[in-house]
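**Student:** Quick one, what's the 3D model for this:
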Amino acid sequence: MNDEISFDRSVIEPTGQAFQMSPLVRRLVAPNGGPFTFTGTCTYVVGQGDVAVIDPGPDLDAHFEALAAAIGQARVSAIVVTHTHKDHSPLARRLKALTGAPILGCGPHEAARALGAGEMNVLDASADHEHVADRLMQDGDVFEGQGFTLQAVATPGHTMNHLAFALPQENALFSGDHVMAWSTTIVAPPDGAMGAYMASLERLMARDETIYWPGHGGPVKDPKRFVRGLLSHRRMRETTIMERVQAGDRKIVSLVDRLYVGLDPKLKGAAALSVFAHLEELVARGVVRTDGDARLDGEYWV
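**Tutor:** Okay, the predicted model is just below:
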């Protein structure tokens, strides 16, 4: 089978208005586009009359007003959050205050591991540490709405509390930031972990949804092939990192320059974190060595 991955960076609908994606799903894009959010965070309204809102998004007045208008007279029975990044979860609190609906889904923000000596969590500013769920959902837990069901699927890796949500009535999966059609997912220690991310991708390979609705960008229309491509892409990246380390590139900054030729300078920090995530996993497996714990500024060899 062809394991090549092809990203779809087509610009989707404009912000400020909800669009019908399927009989049960409407999508509203937040006005927070950028290098890491593509055209903006996708908020989903699921159901008719009695609805659930998935990933309300960033705390922006314009998005809150557009979401309230999209909901209209419908009853919000649940506010569902995939993970605790500030482009996904903060607006849940304002929406709860407006509608009285409970917040469901992921728990508090958590890191994959404790900080090492002298280490900084460079992504800490993006974490929503104020998030509190009224109902913490675990893998397999179900929310029954009026005419629809949402089942939690544990997908740690991007964040360790990341959940996807299956919609069996349409054989669909709300994949959050775990799988997106427009780009690979950022996996950055200590918040994320490459081993967990890869295991979550393997888990999705065993599922049979025919479409994914991600946290940014358009739908993933051939999920099995796409996820297989993501796995292949990450394995090839790991192999290339190993080859460069064997060739004498001992520092992450050198590896990024070698592996990401022509990369937008704004994205070099994210690329470094991705390489770090791979190296951390390789060190844990004993394939690559370093002095003490794996660090972003460490040196690596075989």
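**Student:** Against which helices or strands is the longest helix seen in the chain packed?
**Tutor:** If you go by DSSP state H, the chain has its longest helix at helix 223-246. The contact analysis (3 or more C-beta pairs under 8 Å, 6 or more residues apart in numbering; DSSP states H and E) places helix 223-246 against helix 194-205, strand 211-214, helix 252-259, helix 268-284. From N, CA and C alone the C-beta is placed, and that goes for glycine too.
**Student:** what is the mean pLDDT for that helix?
**Tutor:** For helix 223-246, the mean per-residue pLDDT is 97.
**Student:** for stretch 273-293, same thing?
**Tutor:** Here the average pLDDT along stretch 273-293 is 95.
**Student:** for that stretch, which positions count as buried?
**Tutor:** For stretch 273-293, the neighbour count (16 or more other C-beta atoms under 10 Å) marks 273-283, 288, 290 as buried.
**Student:** would you list the residues you listed in JSON lines and tack on distance to Arg203?
**Tutor:** Putting those into JSON lines (distance: C-beta to C-beta, whole Å) gives the following:
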{"residue": "Leu273", "distance to Arg203": "23"}
{"residue": "Ser274", "distance to Arg203": "21"}
{"residue": "Val275", "distance to Arg203": "24"}
{"residue": "Phe276", "distance to Arg203": "24"}
{"residue": "Ala277", "distance to Arg203": "18"}
{"residue": "His278", "distance to Arg203": "20"}
{"residue": "Leu279", "distance to Arg203": "24"}
{"residue": "Glu280", "distance to Arg203": "21"}
{"residue": "Glu281", "distance to Arg203": "17"}
{"residue": "Leu282", "distance to Arg203": "22"}
{"residue": "Val283", "distance to Arg203": "24"}
{"residue": "Val288", "distance to Arg203": "25"}
{"residue": "Thr290", "distance to Arg203": "29"}
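**Student:** any idea which of these is closest to Gly218?
**Tutor:** Ser274 (22.6 Å; C-beta to C-beta).
**Student:** That closest one contacts Ala188, doesn't it?
**Tutor:** Yes. Counting by C-beta atoms under 8 Å, Ser274 does reach Ala188; the two are 7.1 Å apart.
**Student:** Restricting to C-alpha, output the longest helix of the chain in CSV.
**Tutor:** Extracted as CSV, the C-alpha positions of helix 223-246 are listed here (Å, rounded to 0.1, in the frame of the first residue of the first chain):
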residue,chain,number,x,y,z
PRO,A,223,-8.5,8.2,7.7
LYS,A,224,-6.8,4.8,7.5
ARG,A,225,-4.6,5.8,4.6
PHE,A,226,-3.8,9.2,6.2
VAL,A,227,-3.0,7.8,9.6
ARG,A,228,-0.9,5.1,8.0
GLY,A,229,0.9,7.9,6.2
LEU,A,230,1.5,9.8,9.5
LEU,A,231,3.0,6.7,11.1
SER,A,232,5.3,6.2,8.1
HIS,A,233,6.3,9.9,8.1
ARG,A,234,7.2,9.8,11.7
ARG,A,235,9.2,6.6,11.4
MET,A,236,11.1,8.0,8.4
ARG,A,237,11.8,11.1,10.4
GLU,A,238,13.1,9.0,13.2
THR,A,239,15.4,7.1,10.8
THR,A,240,16.7,10.3,9.4
ILE,A,241,17.4,11.7,12.8
MET,A,242,19.3,8.6,13.7
GLU,A,243,21.4,8.9,10.4
ARG,A,244,22.2,12.5,11.1
VAL,A,245,23.3,11.7,14.7
GLN,A,246,25.5,8.9,13.4
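**Student:** Give me the buried positions along it.
**Tutor:** Neighbour-count burial for helix 223-246, counted by 16+ other C-beta under 10 Å, picks out 223-231, 234, 237-238, 241-242, 244-245.
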